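Visitor: Here's a sequence, model it:
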Amino acid sequence: VDVTNLQRQVLFGTSDVGRPKLLAARDRLAEVNPHVALETHEVRLSSENALAILKGYDVIVDGTDNFPTRYLVNDACVLLGKPNVYGSIFRFEGQASVFWAGHGPCYRCLYPEPPPPGLVPSCAEGGVLGILPGIVGTIQATEAIKLILGSGTSLLGRLLLFDALAMSFRELKLRRDPSCPLCGD
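Guide: Next up is the predicted model:
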């Protein structure tokens, strides 16, 4: 945990600075609800372990902050047939969707290739409005609960865009790309 995380990552406090994020998050979640069963994976997600780690879960919620891991999560979800509840943030904007190959598009249907390294600045370089992760994270949590319960209308096939400066939401329809390199025909 770095001091720069504190303004946008509500699981951490000043006493967590310097601690591994995984352990600080685990301890905070156990403090909020000691009755919840937490299973942690103290490894970096990689192409060697992604399928093994994700296979035991019904819904995958992707809050990653870099393109290689985002594509890795998507690809593992497609191969495992799991829904991927996606969220991303940058500066004053956020996005959320549900990608689920076999039921709708996957992340590669929307973004077939990652941008070249260095083209898109990181959150640390470009900045992010501190409340944005909470807004997008709450949307993702809602989507995950709806999928688990089988209730409501999910964001499957829709990309929700949030602009904090305009305080507006807009929605784009997404379709499965038949030429998608991962889930296409």
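Visitor: Contacts only, for residue 185.
Guide: 178, 179 (Cβ atoms under 8 Å, 6 or more residues apart in numbering). Placement of C-beta: from N, CA and C, glycine included.
Visitor: how much space is there between it and residue 55?
Guide: 25 Å (Cβ to Cβ, to the nearest Å).
Visitor: thought residue 171 was touching residue 158?
Guide: Yes - assessed by Cβ atoms under 8 Å, residue 171 is found in contact with residue 158 at 5.4 Å.
Visitor: The two - which one has more neighbours?
Guide: When residue 171 and residue 158 are compared for neighbours, residue 158 comes out ahead with 16 against 11, by other Cβ atoms under 10 Å.
Visitor: OK, contacts around the more buried one?
Guide: Here residue 158 is in contact with 97, 171, 172, 173, 174 (Cβ under 8 Å, 6+ apart).
Visitor: Please identify the one among those residues that lies nearest to residue 82.
Guide: Residue 82 has its nearest neighbour among the contacts of residue 158 in residue 97, at 14.6 Å by Cβ to Cβ.
Visitor: Show me which helix or strand of this structure is least confident by mean pLDDT.
Guide: helix 123-126 (a mean of 66; mean pLDDT, DSSP states H and E).
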